[in-house]
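Undergrad: Pasting the sequence and the predicted coordinates here, then a few questions.
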Amino acid sequence: MRNNLRLFILIILSSHSLSDIYSQNEIQIVFWNVENLFYPENDSLTDDDEFTPEGERHWSYYRYWKKINLLWKTILSAGDEEPPDIIGLCEIENRKVLEDLFLYSPLRIYNYKIVHRDSPDSRGIDVAMIYNADIFDSISYDFLVADFPELNGRPTREILHSQLFREGKSLHLYVNHWPSKYGGVGFTDILRIRSAELLLSDIQKVQNENHDASIICMGDFNDIPESRAILKLVSENDSGIVLHLLENESNTIQGSLKYQGRWEWIDHILVNDHLYYGLGNHQIVPRNAKIYSPSFLLEKDEKYGGMMPFRTYIGFSYNGGVSDHLPVGVGLVW
């Protein structure tokens, strides 16, 4: 019989600030797909040519620094009086862009530390975690290698697993960026199922070592809650699963990404039952998880109506925005 792995999708979609959910005794956690944060210099080891000044997207240093400025301002505003304590990111090219964002911007005063390594992804895009070293006593981390037989040796992104320690307690945190649907839903569906299996296997190992472990899984899963991959992740346990997809208060924003006129929920925050019910050292209240959707992260959707994320590119046309995804966040009572 498997250990209890009741994982709950805790997304409350909201047009309000993430600061609404935080109190002074909470750790603030945010995840964001920042849409192809590439440094404009060509890397001969990766397929990043389109994001160079000579590439198809004409990605310049001016455009790069404009995006960096938009990113740090958003991260700074996503917290309450202070920016988030833990930030998970995906679609970042390398450590250089993280240093420019967190160590060489106004965010540098918050003593952020970077957890990152270059993944084997052919385009060179990675996942990363940034944490406030003044908040945590220590951390440990490793990377789960996504070596699936269906890839036929082609590399893809890893899953970052970290354990953060504070005041004698610890939290396990996974940052995900699962394979996209590029190439067809049918073909790539199995890759996301394999990602769910990889993540689930490591979670089981953590739970076997400590039944009271607190676990958060966050990221761009590239799949909606009803998908086979997400359902496999949340239902592999001995007593069934309850999938919580919580409505937002205003119903103005109904997802973290908009595709062909429809909002979709593909950026998720999931937690295990000990964390959800407060059976261990921490607790998350369902209403605490929200999508951050201030007006400056949105623009009019001229084609389909309503609003959509203010993207850096629409196709290959430069749009001047910050990302095609909205950040998701949650407050954790430590």
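TA: Cool, got the structure.

Undergrad: Quick one: low-confidence residue ranges for the stretch 201-334 of the chain.
TA: Across the stretch 201-334 of the chain, the ranges flagged by pLDDT under 70 are 235-252, 285-288.

Undergrad: ranges for the helices of it?
TA: Here the stretch 201-334 of the chain has its helices, by DSSP state H, counting those that start in this stretch, at 228-235, 273-277.

Undergrad: TSV for these, including distance to Asp118 and mean neighbour count?
TA: For glycine as for every other residue, the C-beta is placed from the backbone atoms N, C-alpha and C. TSV is the format used below for those (distance: least, CB to CB, whole Å; neighbours: other CB atoms under 10 Å):
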stretch	distance to Asp118	mean neighbour count
helix 228-235	25	20
helix 273-277	31	20
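
Undergrad: Could you dump the ones you listed into CSV with distance to Leu257 added?
TA: Converted to CSV, the helices of the stretch 201-334 of the chain look like this (distance: least, CB to CB, whole Å):
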stretch, distance to Leu257
helix 228-235, 15
helix 273-277, 25
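
Undergrad: burial of the residue nearest to Leu326 when sequence neighbours are not counted, as a residue count?
TA: Once flanking residues are discounted, Leu326 sits nearest to Ser256: 4.8 Å by CB to CB, 6 or more residues apart in numbering. Using other CB atoms under 10 Å, Ser256 has 27 neighbouring residues.

Undergrad: And the one 5 residues further on, by the same measure?
TA: As a burial measure, Gly261 scores 11 neighbours (other CB under 10 Å).

Undergrad: Contacts only, for the nearest residue in space to it that is not next to it in sequence.
TA: With CB to CB, 6+ apart as the criterion, Gly261 has its nearest non-adjacent residue at 3.0 Å, and that residue is Tyr304. Residues in contact with Tyr304 (CB atoms under 8 Å, 6 or more residues apart in numbering) are 258, 260-261.

Undergrad: What is the nearest of the residues you listed to Leu297?
TA: Nearest to Leu297 among the contacts of Tyr304: Lys258, at 11.9 Å, using CB to CB.

Undergrad: wait, doesn't Ser195 sit right on Ala229?
TA: Yes - with contact defined as CB atoms under 8 Å, Ser195 counts as touching Ala229 (6.7 Å).

Undergrad: any residues in contact with both of these two?
TA: In contact with both Ser195 and Ala229: 178, 221, using CB under 8 Å, 6+ apart.

Undergrad: low-confidence ranges in the stretch 51-200 of the chain?
TA: Along the stretch 51-200 of the chain, the parts satisfying pLDDT under 70 run over 80, 153, 183-186.

Undergrad: What segments of it are helices?
TA: 61-78, 95-102, 185-209.

Undergrad: can you tell me which residues contact the spatially closest residue to Phe102 that is not a sequence neighbour?
TA: Spatial nearest neighbour of Phe102, excluding adjacent residues (CB to CB, 6+ apart): Tyr112 at 4.5 Å. Taking CB under 8 Å, 6+ apart as the criterion, Tyr112 is in contact with 87, 102-103, 130-133.

Undergrad: who wins for most neighbours among these?
TA: Ile87 (27 neighbours).

Undergrad: Hmm, Val34 and that residue touching each other?
TA: No - with contact defined as CB under 8 Å, Ile87 does not reach Val34; the gap is 10.2 Å.

Undergrad: Okay then, goodbye and thanks.
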